[in-house]
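Visitor: Below: sequence and its predicted model.
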2 protein chains.
Amino acid sequence: MAEVMTGLKRTHYCGEPRLSDVGKEVVVCGWAQRQRDLGQLIFIDLRDRTGIIQLAFDDHTDKEIFGKAFGVRAEFVLAAKGVVRERSSKNKEIPTGEVEIEVTDLRVLSKSETPPFEITEDSKVKEELRLKYRYLDLRRPDVQDKIIARHKIVKIARDYFDQNGFVEVETPILIKSTPEGARDYLVPSRVFPGSFFALPQSPQLYKQLTMLAGFDRYMQIARCFRDEDLRADRQPEFTQIDLEMSFIDEEDIMSMAEGFVKTVYKEVLDVEIQTPFPRMTYAEGMERFGSDKPDLRFGYELKNLTEVLKGTEFRVFAGAVSAGGSVRGINVKGGACYTRKEIDKLAEWVKAYGAKGLAWTKLNQDGSSSSSYEKFLKEEEAAGVRSALEAENGDLLFLVASDKPQVVFDTLGALRCECARQMGIIDESRPNLLWITDFPLFEYDEEEGRFVAKHHPFTHPNDEDLEQLETNPGAVRARAYDMVLNGNEVGGGSIRINDPALQQRMFKALGFTQEEAQERFGFLIDAFRYGAPPHGGMAFGLDRLVMLMLGCDSIRDVIAYPKVANSGELMTASPAPVDQKQLDELGISINLQEETKE
Amino acid sequence: MAEVMTGLKRTHYCGEPRLSDVGKEVVVCGWAQRQRDLGQLIFIDLRDRTGIIQLAFDDHTDKEIFGKAFGVRAEFVLAAKGVVRERSSKNKEIPTGEVEIEVTDLRVLSKSETPPFEITEDSKVKEELRLKYRYLDLRRPDVQDKIIARHKIVKIARDYFDQNGFVEVETPILIKSTPEGARDYLVPSRVFPGSFFALPQSPQLYKQLTMLAGFDRYMQIARCFRDEDLRADRQPEFTQIDLEMSFIDEEDIMSMAEGFVKTVYKEVLDVEIQTPFPRMTYAEGMERFGSDKPDLRFGYELKNLTEVLKGTEFRVFAGAVSAGGSVRGINVKGGACYTRKEIDKLAEWVKAYGAKGLAWTKLNQDGSSSSSYEKFLKEEEAAGVRSALEAENGDLLFLVASDKPQVVFDTLGALRCECARQMGIIDESRPNLLWITDFPLFEYDEEEGRFVAKHHPFTHPNDEDLEQLETNPGAVRARAYDMVLNGNEVGGGSIRINDPALQQRMFKALGFTQEEAQERFGFLIDAFRYGAPPHGGMAFGLDRLVMLMLGCDSIRDVIAYPKVANSGELMTASPAPVDQKQLDELGISINLQEETKE
């Protein structure tokens, strides 16, 4: 039978007692980190979220209390009353290490079986086991600290935007499905059998309606949902810091967002961020870094070698060039230390980005060199490539050719980051922040055979590109902007269309008939008929922002109860089958004959 | 073609300019409240979320600008630049009424069709129309102010709990279905066809796991979901201020909650609340007020007349008493003003509470009286009833008899509130707050033929009732407490079971086999094996708290985008049918043959 706390009330957290408290009677509560039985002496390290304090039991201790202390095992929950005293042998590694508590009352509030892993920092436990017992994993101080830091970041966000006149408006979670973009999670309705709600991929439509309603500045820490196959840094449910402003332009939103990032870095990490952030167009990001979220903490910039190689007879390069593609390369400075085996491994690795091969030249320090392609080139072509890449002894050159320019960008964009990581040249001490602007408004969807909105159908085109909306949609730029932190997109947004006529042109460019547009977005189209202010906004990916700020490897580290790659939760074993009665009430049945996986 | 703001940047909100700004050049933006064309003069009232400012156009105004102003209609979106000047005829009713803006530049940023209703305060528009055009309804200052007040209340809640060491932890929205209590919304999983997530009815299990994880003090403004038929004050999705604390007892949670309510009333309404709040047991609430959420702002207390009437030959009363029921009454002081017709209406009204009839006696000021039942009683019985109810001339007595005591409580509990409302005796100026304690742990579910948890299966029984858990479950009280504001439950919670053995007894008392308990709550049962601290918490119904604080009639008034009684959203016409392709991907089909409505 568990004991209770009756008569005891916590006076201190475990992390609090100091030399100045010596002589005070205190009550502390927590979990036994470990118990050390030295015969006449027993020590228990008691842990709570603030730290660890040593409880001491000796020959002055009441026999019954001593007996209880004897029986304590790891993770037992205890309340202890006693007097703070100076420790004879001090522990410099913890803030309470100069004192201990001479225990006069001890209650075993709850016993514990031996946990499946030890509750210590940085223990090497398989993630699957950690997540199955997430409530134990979260007891580890380093894991707990991340969730507490997330709380602080969220609190600072709310304070900052509140001080800047933003109103937090809660938008619905049960909304209408408007398929465009990622897959919606659907929620069957019992009251309207055959009808469904959807879970929001973002509060996009509602925040725009909130601007139409005159709220002027909206913010929400919003829960969002995407029924997509998960990548390492994606969750089926995730959280956005979601903003929208009226009567503004890009500059207002970007400086508001910069102010937030500056504030949160200062308050959480005591790091000064310079504002305004540098800006780069999408086109420049691609050309120089092969990415719309370039990491500028290192070089290895892309060089276009198409001109140098335009006359080559080497079929791999010539074929790409003649098919309208390109040949580009990077110079991994000092990369001659790569072995042939390591290079082959990278050649295999880049295939995931669509590259058919990876051409390379290694310039050794002694002036010798080896290359996968130079033998196929004319001497002046090989020299031209070296020169374009500013090659020096000790460098490693990588070239990628493809008839699809995007494949070249994606491959070299990823490769330069991977090489920088492997070379250990990234300065992790300072965050690198910039804006990417002038995104394309559309991207061509091969599968659907039409242009689709790169961000969403409400993004405002650049005014100077408006006339090309119908004639050359691929060239139209958007009034959209992404914030990039250390090579990751941490936020993005746009100015929205507030002119109903322009919105109609946009729907048409996306291939929607007027009827289709009305069916999907009718309520929004209607709303714009009654006076829509110029507006725009952005959203930060909270999980990713916190992950990057705290230097974590995975967003699962900064989510209290994350899901894993197959989008299930290991702790509760969900999703799970449900009772037939529940399905009957919803008027749906399971239809496993049709195999539905793609 | 809509104009743009290029070259203009808002300097002031519409509600800001004052006499001290006279002579300043300003830029304001907003919606045209109305345009008055006086020939040589045009006035436009421009509205934003902060107020209204008058724009003036006269013979000094540039002709083109004057022409634009001439074309402005209600709800056009405008940006105006101009100079603040003193008004010749002042408007004392608005804070900016002493000044106007002499406009030098005007942009019509967006036109508007004539809206379906006028955007003014307190306009009498049918709620259905208002909700269909919610984005217009929200432009009305009184509607907008409520959403802004809600933002403030939420902000204060976060600040208060943050200052008190609570950590905001986000718990998942896609969780495991654990049917017990209300119906879960289900979410089919594409990745695991045939399996479902559920949307949380509350974060109950996760907040308890968060305590087991050592977070000590948890809070979240949590989105919750119940697939229930809606009553006036219920929404399918709603918001809770959700708390949980470790190493505490009821007193800690109640005083923490009182501190929050005191703070929020002071900061939002400048009302001082006395703490601690009065407390009343559930049993006393029923006995005296027929309610577990009694409104103490007026009397009309219930009196038990069973003893007085135990020997009566009047079959209606005698039958109730002999069947183990009761006869109880209230005295509506001064209620003799009720007409016979009004009394009949109440007699009809109470049927919703299960009462078969409503017995009454009206004591006129002149000493005469009329009664529906006194003629069937012995003289001393009738006198005994009058005496027990302290009847005086001018009063109105209501009696209810039933073999089911709960029917008597429910009927008179509701009737006393309805009569107090009709009599206009409720002092709305001061909030009435109290705690109800010692709830029954179980209630008997007639349909299921078993005891079910009144709160949830993790509620801790009162220690002194523990031995009756198996032998007399109906008599066991819970360590549960509700906060009552003006006769409404605004929050409730309990101390939770932290002893695995006691939790097993609880599951058994609820009729679960060990296997059933393991299947439903296995992960929680497992968690408790590794050291569970004593813990408890509560949740405030945010929507209802805001509604009561702001004196609204409906929670829909304090929700930006509410759903209506059939749980749909009128603005977006959701829920709605979805594409067959979406259903195929989820491996479900619609099964309308089985009619599923209850």
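Guide: Yep, that arrived.

Visitor: In which helix or strand does A:L545 reside?
Guide: Using DSSP states H and E, A:L545 falls within helix A:542-550.

Visitor: how deep is A:Q365 tucked in, by neighbour count?
Guide: A:Q365: 12 surrounding residues under other C-beta atoms under 10 Å in any protein chain shown. (Each C-beta comes from the backbone N, C-alpha and C, glycine too.)

Visitor: Check A:R183 too.
Guide: A:R183, neighbours per other C-beta under 10 Å, totals 18.

Visitor: And A:N164, by the same measure?
Guide: 14.

Visitor: That one contacts A:S255, correct?
Guide: No. Taking contacts as C-beta atoms under 8 Å, A:N164 lies outside contact range of A:S255: 10.6 Å.

Visitor: What is the burial count for the nearest residue to A:V546 once chain neighbours are set aside?
Guide: Once flanking residues are discounted, A:V546 sits nearest to A:V558: 4.3 Å by C-beta to C-beta, 6 or more residues apart in numbering or on different chains. Close neighbours of A:V558, defined as other C-beta under 10 Å, add up to 24.

Visitor: contacting residues around A:V558?
Guide: Contact analysis of A:V558 by C-beta atoms under 8 Å, 6 or more residues apart in numbering or on different chains lists A:146-147, A:149-150, A:543, A:546-547, A:550, A:552.

Visitor: can you count the residues close to A:E313?
Guide: 10.

Visitor: Model confidence at the residue in the stretch 301-450 of chain A positioned nearest to chain B, what's the number?
Guide: In the stretch 301-450 of chain A, the residue that lies nearest chain B is A:E448 (12.5 Å; C-beta to the nearest C-beta). On pLDDT, A:E448 comes in at 79.

Visitor: residue contacts, it?
Guide: A:E448 neighbours (C-beta under 8 Å, 6+ apart): none.

Visitor: what's the helix or strand for it?
Guide: Here A:E448 is assigned to no helix or strand, by DSSP H and E.

Visitor: A:E86 is in contact with A:G97, isn't it?
Guide: No. Using C-beta under 8 Å, A:E86 is not in contact with A:G97; the gap is 10.9 Å.

Visitor: Narrow the contacts of A:V558 to just the buried residues.
Guide: Those of these that meet the buried threshold are A:146-147, A:149-150, A:543, A:546-547, A:550, by 16 or more other C-beta atoms under 10 Å in any protein chain shown.

Visitor: Between A:E86 and A:G97, which has more neighbouring residues?
Guide: A direct count of neighbours by other C-beta under 10 Å for A:E86 and A:G97 places A:G97 higher, at 17 against 11.

Visitor: which ones are touching that one?
Guide: A:87, A:90-91.

Visitor: now swap in A:D465 and tell me
Guide: Taking C-beta under 8 Å, 6+ apart as the test, what A:D465 contacts is A:441, A:475-477.

Visitor: mind checking how far stretch A:490-503 is from the chain centre?
Guide: 24 Å (C-alpha atoms, centre = their mean, to the nearest Å).

Visitor: Using CSV, list the CA coordinates for it.
Guide: Output of stretch A:490-503 as CSV, limited to C-alpha atoms (Å, rounded to 0.1, in the frame of the first residue of the first chain):
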residue,chain,number,x,y,z
VAL,A,490,11.9,27.8,-40.5
GLY,A,491,9.1,30.0,-41.8
GLY,A,492,7.5,31.3,-44.9
GLY,A,493,4.6,33.3,-46.1
SER,A,494,3.4,35.7,-48.7
ILE,A,495,1.3,38.7,-49.5
ARG,A,496,-2.2,37.4,-50.4
ILE,A,497,-4.4,38.3,-53.3
ASN,A,498,-7.1,40.8,-52.1
ASP,A,499,-8.6,41.6,-55.5
PRO,A,500,-11.4,39.2,-56.5
ALA,A,501,-10.7,39.6,-60.2
LEU,A,502,-7.0,38.7,-59.8
GLN,A,503,-8.0,35.7,-57.7
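
Visitor: Just the buried residues of that stretch, please?
Guide: Result for stretch A:490-503 [16+ other C-beta under 10 Å]: buried residues A:490-500, A:502-503.

Visitor: coming back round to it: how far does the helix holding A:L545 sit from the chain's center?
Guide: Using C-alpha atoms, centre = their mean, the offset of helix A:542-550 from its chain centre is 6 Å.

Visitor: wait, does the helix or strand just after that helix contact chain B?
Guide: Later in the chain than helix A:542-550, the nearest helix or strand by DSSP H and E is helix A:580-586. Yes. Against chain B, helix A:580-586 shows contacts by C-beta under 8 Å from any C-beta of the partner chain at A:582-586.

Visitor: What subset of these is buried?
Guide: Of the residues of helix A:580-586 next to chain B, these count as buried by 16+ other C-beta under 10 Å: A:582-583, A:585-586.

Visitor: tell me the SS of the closest residue to A:L305 other than its chain neighbours?
Guide: Spatial nearest neighbour of A:L305, chain neighbours left out: A:V327 (4.6 Å); criterion: C-beta to C-beta, 6+ apart. Secondary structure assignment for A:V327 (DSSP: H, G, I helix; E, B strand; the rest coil): strand.

Visitor: I'd say A:V327 and A:D403 touch.
Guide: No. Counting by C-beta under 8 Å, A:V327 stays clear of A:D403, with 10.6 Å between them.

Visitor: Which neighbours do those two have in common?
Guide: Counting by C-beta under 8 Å, 6+ apart, the contacts common to A:V327 and A:D403 are A:A320.

Visitor: Specify which residue of these two has the higher count of neighbours.
Guide: A:V327 (27 against 15).

Visitor: Show me what the more buried one bridges to in the sheet.
Guide: A:A401 (DSSP bridges).

Visitor: who are the neighbours in contact with the closest residue to A:A320 other than its chain neighbours?
Guide: Leaving aside its sequence neighbours, A:A320 sits nearest to A:A401 (C-beta to C-beta, 6+ apart; 3.9 Å). Applying C-beta under 8 Å, 6+ apart, we find A:A401 in contact with A:316-317, A:319-321, A:325-327, A:357, A:359, A:408.

Visitor: if you set the cut-off to 6 Å instead, what comes out?
Guide: A:A401 makes contact with A:316-317, A:320, A:327, according to C-beta atoms under 6 Å, 6 or more residues apart in numbering or on different chains.

Visitor: OK, contacts around the residue in the stretch 251-400 of chain A that chain B sits nearest to?
Guide: Of all residues in the stretch 251-400 of chain A, A:D252 sits closest to chain B, at 8.3 Å by C-beta to the nearest C-beta. By C-beta under 6 Å, 6+ apart, the contact list for A:D252 is empty.

Visitor: Is it in a helix, a strand, or coil?
Guide: A:D252 ends up helix, using three-state DSSP.

Visitor: if I look at it, how far off is B:K9?
Guide: Going from A:D252 to B:K9 by C-beta to C-beta, to the nearest Å gives 8 Å.
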